[in-house]
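Chemist: Task: produce atomic coordinates for the following.
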Amino acid sequence: MNASASLPSIPLSPLPLHSKTNLPPPPPPPPLPQTLTHKLPHKTRDASFEQYKDKLIRMANSGQIGSAVSSLSSAPHQPDLVSFSVLLRSCIRLRDLKHGQILHRLLLSSQLELDTAIFNSLITLYSKCGDYSTARSIFNELGKNRNLVSWTSMISSAANNGFEKDAIKLFYELIESGFEPESFSFCGVIQACSNPQLFSIGLIILGLSIKTGFSRKNPSVVSSLIDMFSKNDDLSSALKVFDELSEKNLLIYTQMITRLSQKGFGKEAIKLFINMVIEGQFEPDRFAISTVISACTELQSEKPGTQFHAFAIKTGMVSDVSVGSTLIDLYSKSKVKNSVNNARKVFEKMPERNVMTWTALISGLVQNGKDLEAFELFLSMILDGNVKPNHFTYSTILKSCANLSNWNVGKKIHAQIVKLGFTSINFVGNSLVSMYSNCGLMDEARIAFDQLYNKNMVSYNTLIDGYLKNSDSKEAFEISRKIEKMEMGINAFTFASLLSGAARVGLLTKGQKLHCQLIKLGFNYDLPINNSLISMYSKCGNLDDACKVFFDEMHEKNFISWTSMINGYSKHGYAQNALKLFDEMILNNVKPNEVTYLAVLTACSHVGLVQKGKNHFVSMQKDYKIIPKMEHYACMTDLFGRSGLIKEAFDFINSMPVKPDALIWRTLLGACKLHQNIEIGEFAAKNILKLEPQDTAAFVLLSNIYAKAGKWDEVAKIRLLMREKNVSKEVGMSWVEIENEIHEFCVGDTWHPNAKEVYEKLDCLIGEIKKIGYKPDLSCVLHDLDDELKEKFLLQHSEKITVAFGLMNVKGLKPIRVFKNLRVCADCHNAIKFISKVSKREIILRDTNRFHRFREGSCSYVLNSCVITFIIHYIFTILE
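Modeler: Take a look at the predicted model:
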């Protein structure tokens, strides 16, 4: 049968191409000799033609497809189907649609008898290049001349180009046409069934593959089945299919190990790798070793990781860049102290490095807080010149700029990113937004955000988080409202950020509305969201609702949940509840981390449980191998200092295995202020100013110590020094939320539109509380003034003004929640106790350290802390 009569004739113009495809103009057909004006029969050619054809094939095989096609279009000989077939295969291999289309036109304008194999090559060409509609048009016009290869190519094309339902339909049509599916037919349709919506059909295909024997004998089919089950989170079925394969190869082992690792089954991945090595049938290659090391990284298990490192050295694979990069990642993410140094050693011993290797170590250094070292390595990479940073490298180094708040270097890197055209890459743009946000440059962050071509939820969340960190909750919530109107909608991370923002400024009403909204959207079972809710309610002064979320609404808890609740109790002055909950956490086999112990030590500090705090400090190191950080040492210093054990605090600092930083000395100085220890206070202040010459707290606290001791000359010297160094004290500010609006007051505030009424209310309150025993604590005024002026100064403190405003505007019996950016002074604390009694209202005040809950003339913190501290001091007195 003549091929030209049986196969479809595809017209020269127009081609059955996708409407958006612009074809280059076809070259003129090669001139044909007078004697060859009809179709050329497939007969032997002369030697010159064979030489010419060999030249074309060599050009195509060496990647010179453009030259080969150009040579073909101007050939002195009429090319045969073999020449076209070889060139088409090269176009397929290179995904070169442009030259493939030229070959297509040349084929149609030639007088060759086109066979099914050529049409199959054309189908594959357009499929591989993403032009599914053209591939389908060619397939449709083949009609009854389709063979098994045609069907299989079309099924794979549909699956690869997102037309999964078409792929399944084609597979069934293949069977109905009388063909028996081969392995690649199964691979294509199984790939289509990886779509979760079509997974049930995949199980039917599995049954057919079992019946035909492909699932037991063909590694390619099994590979597709493993992927299908993995993408649908059915690893047990994936393992079953893997186990039943009669003849496994290294690729199928590596794939199964990879899928187990990716889906969180790191232990199973390691076990499978070990079994493969023990069986001795296959020698693991670089991909298998890289995969199993990645599994150790996911498990944060450095010990087995080091064993695989040794295995890589033994097998000679350690010099491979992919293996080296995964080892760097392993040591960088390890919890073992100074493990990142091992990552650097791996890097330095590598004979060859690529951009992935450099970026892995830079990222590891950033993750371990070694931002300056990360910068040095980044500069070395630039100076080395052999490997250029890519978009991942720049994104990583921007995180380092953000951590250091170094906007100057960040802007220079931004300029380089613009020059290289990386700003359009989503995660690079997000890193820019994050960097500028961390540096407090929200205008620049907003510009970087607006320049993103494709904004995703990460982009919006990064900007929202930036506004919240820079105390612009109004703009953050405005963006969240815009997201709600968009198709993408708010996700769990957005809610977590917004709840954090509400907590930061004490927007309880907003936090409650967010809680209602997330319940409506079904996020109330999300673990991180519930953790954020506990934190939000605690920080907004609503401990009851925090307890309700933790004890009544959470079906699942992790160490963050327990830590948040322990911290909530601690900050509200309920230290015994915090410690009891910590014990319960241990009984529930939840392992505490360093943040948990910060909350526990803070609780002990707030109520003066010195011995218990010391026991926990030892336990965290001995029982849980937690290396104390500077914050833990600061908690212990506060524990001793707050209880009046200044000398013990000083001795503890001197016994520290690490050099104390400004935080430690600042904590000691605060204790010296509380207990009027001038000598050690002066020593602490000097150490602070050595480390941080511009530190405001050192000047202010030392000035306060001198003022309380009546050393006004020393106070004057410090204030003069502050002016000379251009150091200013942070302005005290308090605020309260009324009907979703924040009302702020600073010391002696007269800017509020209701200032006159507020001061009248405050005068009235002061008069009432004086009648029941309130006496202004004039020692809180740290200026050398007469008593009358001192009392007026006390009256103008921001927390008193805010409480008065709250009593005027918070209706009913709702608690009045006041927030302050500094610690509450002793006089205001005492005055608010009396105000709670005369007003018969609950007043909750959050300062920088903790919550004070005032009811009926008493404070929860005083009841839980001061009384216990007094008892401890009394016991010490008796013992002496």
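Chemist: Name the spans of this structure whose pLDDT lies under the cut-off.
Modeler: In the predicted model, the chain carries pLDDT under 70 at residues 1-49, 75-77, 471, 484-489, 782-784, 861-880.
Chemist: biggest helix in it, by residue count?
Modeler: In the chain, with assignment by DSSP state H, the single longest helix is helix 755-771.
Chemist: Remind me what it packs against, helices and strands.
Modeler: Counting contacts by 3 or more CB pairs under 8 Å, 6 or more residues apart in numbering; DSSP states H and E, helix 755-771 packs against helix 787-795, helix 798-809, helix 826-839. In this view, the C-beta of every residue, glycine as well, is placed from N, C-alpha and C.
Chemist: That one versus helix 798-809: what angle between them?
Modeler: 100 degrees (axes from the mean of the first three to the mean of the last three CA atoms, to 10 degrees).
Chemist: rewinding a little: of the helices and strands packed on helix 755-771, flag the one that's most buried.
Modeler: Neighbour counts (mean count of other CB atoms under 10 Å) averaged over each of the helices and strands packed on helix 755-771 peak at helix 798-809, with a mean of 24.
Chemist: for that helix, packing partners?
Modeler: Using 3+ CB pairs under 8 Å, 6+ apart: helix 798-809 touches strand 733-738, strand 741-746, helix 755-771, strand 816-820, helix 826-839, strand 843-846.
Chemist: Please render those as JSON lines that adds distance to Lys333 to the earlier fields.
Modeler: Converted to JSON lines, those look like this (distance: least, CB to CB, whole Å):
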{"stretch": "strand 733-738", "distance to Lys333": "41"}
{"stretch": "strand 741-746", "distance to Lys333": "40"}
{"stretch": "helix 755-771", "distance to Lys333": "54"}
{"stretch": "strand 816-820", "distance to Lys333": "38"}
{"stretch": "helix 826-839", "distance to Lys333": "46"}
{"stretch": "strand 843-846", "distance to Lys333": "36"}
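Chemist: Go through the ones you listed and name the closest to Lys673.
Modeler: Smallest distance to Lys673 across the helices and strands packed on helix 798-809 (CB to CB): 11.3 Å, for helix 826-839.
Chemist: Show me the contact partners of that closest one.
Modeler: Residues from elsewhere that reach helix 826-839 (CB atoms under 8 Å, 6 or more residues apart in numbering): 765-766, 768-769, 772-774, 776-777, 779-780, 794, 797, 799-800, 803, 807, 842-843, 845, 852, 854-859, 862.
Chemist: buried subset of the residues you listed?
Modeler: 765-766, 769, 774, 776-777, 780, 794, 797, 799-800, 803, 807, 842-843, 845, 852, 854-855, 859, 862 (16 or more other CB atoms under 10 Å).
Chemist: List the buried residues of the longest helix of the chain.
Modeler: 758-759, 761-762, 765-766, 769.
Chemist: now do stretch 369-379
Modeler: Those would be 370-371, 373-375, 377-378, for stretch 369-379 by 16+ other CB under 10 Å.
Chemist: now, which of these lie within helices?
Modeler: Among the buried residues of stretch 369-379, DSSP H puts 371, 373-375, 377-378 in helices.
Chemist: Many thanks, we can stop here.
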